[in-house]
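Peer 1: Please find the sequence and the predicted model below.
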Amino acid sequence: LLDMFRSLFQRVKTMAAVLLRRLLSSSFEEIYPGLTVDMQMAIKTELVTSIQTEASPNIRKKVADIAAELCRNLLVSFSSVWNFPGIFGNQQQHYMEVIKRMLVQCMQDQENPQIRTLAARAAASFVLSNEGNTALLKHFSDLLPGILQAVNESCYQGDDSVLKSLVEIADTAPKYLRPNLEATLQLSLKLCADTTLTNMQRQLALEVIVTLSETAAAMLRKHTAIVASSVPQMLAMMVDLEEDEDWSMADELEDDDFDSNAVAGESALDRMACGLGGKMVLPMIKQHIMTMLQNPDWKYRHAGLMALSAIGEGCHQQMEAILNEIVSFLLLFCQDPHPRVRYAACNAIGQMATDFAPTFQKKFHDKVISALLQTMEDQTNPRVQAHAAAALINFTEDCPKSLLIPYLDSLVQHLHVIMVAKLQELIQKGTKLVLEQVVTSIASVADTAEEKFVPYYDLFMPSLKHIVENAVQKELRLLRGKTIECISLIGLAVGKDKFMPDASAVMQLLLKTQTDFNDLEDDDPQISYMISAWARMCKILGKEFQQYLPVVMGPLMKTASIKPEVALLDTQDMENMSEDDGWEFVNLGDQQSFGIKTAGLEEKATACQMLVCYAKELKEGFVEYTEQVVKLMVPLLKFYFHDDILFMGSMPLLLECARVRGPDYLTQMWHFMCDALIKAIGTEPDSDVLSEIMHSFAKCIELMGEGCLNNEHFEELGGILKGKLEEHFKNQELRQAKRQDEDYDEGMEETLQDEDENDVYILTKVSDILHSVFSSYKEQVLPWFEQLLQLIVQLVCPSRPWADRQWGLCIFDDVVEHCSPSSFKYAELFLRAMALSLCDTSPEVRQAAAYGVGVMAQYGGENYRPFCTEALPTLLGVIQSPDSKVKENVNATENCISAVGKVMRFRPECANVNEILPHWLSWLPLNEDKEEAVHTFDFLCDLIESNNPIVLGPDNANLPKIFQIIAEGVANESVKSEDACSKRLANVIRQVQGSGGLWTQCVAMLNETQQKAIQDLLNTA
């Protein structure tokens, strides 16, 4: 290939250059390191020579591209053969002025527009490569005007490469734009508004502004006028629709044209509303939307309604306040003369039903259900009819059951009539779009109505089974899949008793589908519906489902094992790959992207969730498959391409299943999981996934118990937890620093609070892990814990936020509960904080402190006696404060009541029991904190069984009151049949039962609900 660079034929040289670049780009690691040093030197020399001597600008550029590709791969090993200095790596600082001067000169080259363009791209790449270097970005800020000028010039030459670089800067280094933000925004707005440019260029210009709304919202919020001017541009794009006479009759729903202005404008509006917030965006857009909705041109009304759909998430709080006004106006458009406007109205209703649930359903159920059912009658416009059914699905999914029940007859009647009519249309014309949506609507209604759907079961089931039996053609795969989903959801809704007569026939249909379609294409929509349906059948049939596992597990494991295609691409390669083919891209900067083919990932996620379902429902019945499922699931801890796939709740469930095989098998399985779980806690970047992994790990330790972690595990886990706590404090400091930023505003504060909530949630999972370790290992784990001790002490400092203090106290509560009496050696580190926290302004902190007093009394030992004595008056004061029973305080108050009970029960010498007991009795039962309620009932049983005169009263006068306490506890499920104290309470009642008049007196004091609760207790305990 190098020899061909010397060819006399232009085409030969061009082809050689293209092939060599492609070779270096795709196979560098396989080829280049294997070459001799002389050959490597020859390549470099030949490239430099060709750049210097080649006469053709086109070929010279291609050779320069090869050199750049080689340079990129050999960044750390430039040699003296190169005729320009080592400007990267550790030499960058030395050549800073040289780099800057070179870029400035090239961007000012008046004779060569292409040089100006390339210099601007190089400057942008350099900025992106140094995004974290604040001083460098400031030093290079005077390059930005040149970049902006190149953006403007190149766009009108048909080149959008510099504009793409500007989008990358907005995404990765937005603060670089701050000194010239006004100019950047004005240019972007000008290009976006210029209809002589291509749609892609206009959309890219808009993307600069929208990206800044996401990456630098506070900075952008200061430029109100520009933001306000960008809103009409987005709306204008959304009006850019084509007339299509066949639109309303289309039976296949094509994916949105993501390159169209209408879709780009809608997406931009959605993102900007989420980025900047409704407080800023809604006032800017509201009047525009109202004007558009009154426009005689249907395209404007359509765009206005789609805009209303788009801003719901970002403007949630502000729109909720005027929801009555919006919905009243919106519903009028369900009767609009143009079908595409009616479609957009259904779209807005469906989106708002999701965005504002359940408020939307509670306020507008009558109007919305009526409007949608009426729109579903639109037989002449199937596309509108189908979208009304889709909106009904959104509405019913989040609709409280009690609100939907009154409409069941009407809903069912409409859905049944439409289903029958569309079945006939399917047979006669082959049309299926509306039927697909109606089947899903039926499923959604049944799912919400649950047992109330039983009377309508026989109306639908025969037709649904008929569809599954006969819709076997390839074009009916989606309909068949949705019908399978509908049958399984109805079965789950009506329950086993009603469904059982059809269960066998349905199972045979599913089995036939499974065996007949083993050669299903990987993207067959039936697969995911089948997988979910099997899991629902498992829930319905319970243990009886075990017999079907050999049939369902093969395809399920195959789907769960899908591996996605990935690729590293430059901009040119990416343009040849379409998102329509299932590819999604992440911008890595420098005109490079990481691509992943996402086709099959949703199915993979669903399959993993179904495996969890089988393990949960079948328990030991799933044991045959635990090993292969564990071998599939554990590597997914490192699978970063789909968050739902990391459904690590499966780990403790699989251990539960494996127990039946004995301790050796269980231990072997745990060893396979343990290392991977610990490593994942240390490396998982997504906080939602991380919290799930940490929760799963804690549950596994509780299940496996003492001995499940070896010294290496403890060492690694200790380092990771220490890192998480240090990161927690560091993030708090960073947030405080951001509050001093010149762009700090109310919107940024909301973002910072969201970040804080995420951090606190991880802190709760650190607490969960420590709880499981303490409860399993007791005192022997304290030496290991000491590496974390000072960080936990830092959490309970009075200056920390209340959530820190709450969880710090919870951790010390666990130390006292599980590691006493040895825990007392740390008492001086937390007792003062515990005492102060008993009357903290935060109820969560009071609750944690009160629980701590309770466990000190119960488990702490003699050393904690003085503290229990000292804490008691404070506890009594908190309980007796006027607002102790208001909703936000009740959990903390109940923990205080329980703690007082524990002090009297386990440390009676710390309290004047005879004086406190009547008060304590008057505070019972506890209704919110079920765990502490059981402790209070246990103590109450002790007192009754010992014939305590204060509790029973003279001549058992207090027994009616005690009956009321017990009855309320049972009625509120504060005490359940499986609790040990329930049998003791039942025995108390039975003793009174034989006493004649006293029994009558006690029962007479109870209302009907309380009497039923007493009877339930006697029947079950």
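Peer 2: Structure received.

Peer 1: Mind listing residues that contact the helix or strand harbouring residue 237?
Peer 2: Using DSSP states H and E, residue 237 sits in helix 224-238. Helix 224-238 is contacted by residues 182, 185-186, 189, 192-193, 202-203, 206, 209, 213, 220-221, 261-262, 264-266, 268-269, 272, 276, 280-281, 284-285, 288-289, 292, 303-304, 306-307 when judged by Cβ atoms under 8 Å, 6 or more residues apart in numbering. No exception for glycine: its C-beta is placed from N, CA and C like everyone else's.

Peer 1: got it, and stretch 614-629?
Peer 2: The contact list for stretch 614-629 (Cβ under 8 Å, 6+ apart) reads 535, 538-539, 542-543, 545-546, 549, 553, 557, 611, 650, 653-654, 656-661, 669.

Peer 1: Which ChimeraX command selects the buried ones in these?
Peer 2: Applying 16 or more other Cβ atoms under 10 Å to the contacts of stretch 614-629 leaves a buried subset, and the ChimeraX line that selects it is:
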select :535,538,539,545,546,549,553,611,650,653,654,656,657,658,659,661,669
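
Peer 1: before we move on, back to that, and the helix holding residue 237, which residues are buried?
Peer 2: Quick answer for helix 224-238 (16+ other Cβ under 10 Å): 226, 227, 229, 230, 231, 233, 234, 235, 236, 237, 238.

Peer 1: Turn those residues into TSV, columns for distance to residue 814.
Peer 2: Converted to TSV, the buried residues of helix 224-238 look like this (distance: Cβ to Cβ, whole Å):
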residue	distance to residue 814
226	53
227	50
229	57
230	53
231	53
233	57
234	53
235	56
236	60
237	57
238	55
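
Peer 1: Could you single out the nearest of these to residue 856?
Peer 2: Taking Cβ to Cβ as the measure, residue 856 lies nearest residue 227 of the buried residues of helix 224-238, at 56.7 Å.

Peer 1: Where does pLDDT dip in this protein?
Peer 2: Residues of the chain that meet the criterion pLDDT under 70 lie in 5-6, 8, 75-95, 254-258, 516-519, 522, 566-583, 585-594, 597-599, 640-648.

Peer 1: cutoff 80 now
Peer 2: Across the chain, the ranges flagged by pLDDT under 80 are 1-10, 24-27, 29, 72-96, 253-259, 513-524, 564-603, 638-649, 994-996, 1021.

Peer 1: Would you state the strands of it in chain order?
Peer 2: Using DSSP state E, the strands of the chain run over 566-570, 583-589, 592-597.

Peer 1: Which residue is the nearest non-sequential neighbour of residue 651?
Peer 2: Excluding its sequence neighbours, the residue lying closest to residue 651 (Cβ to Cβ, 6 or more residues apart in numbering) is residue 696, at 4.7 Å.

Peer 1: In this model residue 840 seems to touch residue 849, though I could be wrong.
Peer 2: Yes: judged on Cβ atoms under 8 Å, residue 849 makes contact with residue 840 at a distance of 7.0 Å.

Peer 1: who has more neighbours, those two?
Peer 2: Neighbour count, other Cβ atoms under 10 Å: between residue 849 and residue 840, residue 849 has more, with 34 against 21.

Peer 1: which residues does the more buried one contact?
Peer 2: 809, 834, 835, 837, 838, 840.

Peer 1: From residue 821, how far out is the third one?
Peer 2: Spelled out, that is residue 835. Residue 835 sits at a distance of 20 Å from residue 821 (criterion: Cβ to Cβ, to the nearest Å).

Peer 1: that older thread, just the buried residues of the contacts of helix 224-238.
Peer 2: Applying 16+ other Cβ under 10 Å to those, the neighbour count classes 185-186, 189, 192-193, 202-203, 206, 209, 213, 220-221, 261-262, 264-266, 268-269, 272, 276, 280-281, 284-285, 288-289, 292, 303-304, 306-307 as buried.

Peer 1: In helices, which of those residues fall?
Peer 2: Residues of the buried ones among the contacts of helix 224-238 located in helices (DSSP state H): 185-186, 189, 192-193, 202-203, 206, 209, 213, 220-221, 261-262, 264-266, 268-269, 272, 276, 280-281, 284-285, 288-289, 292, 303-304, 306-307.

Peer 1: thinking again about what came up before, which of the contacts of residue 849 are buried? Put it as a ChimeraX command.
Peer 2: Per 16+ other Cβ under 10 Å, the buried members of these correspond to this ChimeraX selection:
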select :809,834,835,837,838,840
